Every structure is written in structure tokens, then in C-alpha cells.
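S.K.: next one to model:
(2 chains)
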Amino acid sequence: NAGVTQTPKFQVLKTGQSMTLQCAQDMNHNSMYWYRQDPGMGLRLIYYSASEGTTDKGEVPNGYNVSRLNKREFSLRLESAAPSQTSVYFCASRETGGQDFGDGTRLSIL
Amino acid sequence: AQSVSQHNHHVILSEAASLELGCNYSYGGTVNLFWYVQYPGQHLQLLLKYFSGDPLVKGIKGFEAEFIKSKFSFNLRKPSVQWSDTAEYFCAVNSWDTGRRALTFGSGTRLQVQP
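M.R.: Here you go, the predicted model:
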């Protein structure tokens, strides 16, 4: 039982490049979330998906898109990366009883 | 919109000292409250949670928190900290009343325990 799995763990991009962060959970949870973590700001919600086929914006959605491919997978895409998107990105799943988090993706944009 | 405030940004304690980290939230309706811990280089792990019932909640690793509704607070406590408690601690709130299913996090408190 792997829980929440994120790939890649580290990535360096140049400004303007695109990439997709992958997230998968094997706990049969309906809800999945993408957060970004920046120093002194805690975690801020980018997008979430309450169930397969639905997605909603969080606090900081600009510059991102998401896809809930199926119940297991929820991907986050940066179409044109900007230095302000340098951050650690966490995927989470569950709805009640707290959320389970992946190990994070450390993304640097030069 | 709901918000969470953690007033202590960086706390330095010696081993065996007592710990209390403050957390206040802004939403007035029904809330679920959480404390998460993040050890260096790791993901967030749930320490404890409050949904309803006894306002004094006990979590893992000897941590506890008390929900005081009148003060909109959910402070984290530990009677005697250890070096291994060095980590960042996040308070979070979730409100079902607004239909919001995601968590709102505080900015975190970095705890440094000196041996």
C-alpha cells in the first residue's frame, strides 16, 4: 500500500517550459488536492477534485491546470513555467479524517 | 473565507521543556481542526484531529491539543519535548458548512529542540 505517490521528486525547468506533475493514490479516495508550499506561507491550495470528473479552483490556481484522469490519478500541469512557481508541490487525497500527503515535488524554475 | 493564524513562527526549546503552539481560526461555523507535522525533507503527517466531542484531543508522540470554541483556538501542547520533535508544525481547518472540502493551513511554526 503506497498511499499517495508523486513523480517526479525534483525538477528544474527554464522559464516558459511546460511540465506535468503526476499524482496517484491507491486508497480509493474520492477527493484529491494539489497544494504548493512556500517558506512562511504554509500550504496553499491550487486545485482540488472532489470526485472523478470534477475539478475546482483553490486559492492560487493561476498558471496551473489539472486533470482528474480517473479515481486514482490527479495531475497538475504548468503550461508556461514562471520563476514565481518555484515551490514544493504536494498532492493529497481523502475527504474526512484528515488528508494523506505525498512526498512532494521540489520544482525550481530558472 | 476561513483563515488560520499561527502566531509563533519559530520556537527554540531545550529538551524536556514544555511546548505550547498557538493556533487561531477565523470561521464561526462547524469546523474540523488538525495539526500536522513536517520533519525536515519529509511530507506532512497527521498529529491529531478534532471533529467533535471531548475538546481535549490526544494524538501521536505525546502531543495533545485543546479546542476552545469561544476563543476560536486549537493550541498544540506537549509536556516534555525531545530533540526528535524538531520539525515544522502546521495547524489546519476544514469547514463543511461552506462546502469547502480542502484544508486551510496556517503559515507554520518551526520548532527547534536543542539537546
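S.K.: got a pLDDT number for residue A:28?
M.R.: For residue A:28, the model assigns a pLDDT of 90.
S.K.: where does the chain dip in pLDDT?
M.R.: By default, I'm working from chain A. A:1, A:95-97 (pLDDT under 70).
S.K.: looking at chain B here, not the other one
M.R.: B:1, B:28, B:96-101.
S.K.: what parts of it come near chain A?
M.R.: B:4, B:6, B:9, B:32, B:34, B:36, B:42-46, B:49, B:90, B:101-108 (CB under 8 Å from any CB of the partner chain). All C-beta atoms are positioned from the backbone trio N, CA, C, and that covers glycine.
S.K.: rerun at 6 Å
M.R.: Contact residues (CB under 6 Å from any CB of the partner chain) of chain B with chain A: B:34, B:43, B:44, B:46, B:49, B:90, B:101, B:102, B:105, B:106, B:107, B:108.
S.K.: and which of those is nearest to residue B:23?
M.R.: Nearest to residue B:23 among these is residue B:106, at 6.1 Å by CB to CB.
S.K.: enumerate every residue touching the closest one.
M.R.: The contact partners of residue B:106, taken as CB atoms under 6 Å, 6 or more residues apart in numbering or on different chains, are A:42, B:4, B:6, B:90, B:91.
S.K.: so the third one makes contact with residue B:109?
M.R.: Meaning residue B:6. Yes. With contact defined as CB atoms under 6 Å, residue B:6 counts as touching residue B:109 (5.2 Å).
S.K.: neighbour count for these two, which is higher?
M.R.: Per other CB atoms under 10 Å in any protein chain shown, whichever of residue B:6 and residue B:109 has more neighbours is residue B:109, with 22 against 19.
S.K.: contacts only, for the more buried one.
M.R.: B:6, B:8, B:21, B:89 are the contacts of residue B:109 under CB under 6 Å, 6+ apart.
S.K.: state the distance from residue A:53 to residue A:71.
M.R.: Going from residue A:53 to residue A:71 by CB to CB, to the nearest Å gives 9 Å.
S.K.: so for the two, which sits in the more crowded spot?
M.R.: Neighbours were counted for residue A:53 and for residue A:71 using other CB under 10 Å; residue A:71 has more, 17 against 10.
S.K.: count of residues packed around residue A:4?
M.R.: 24.
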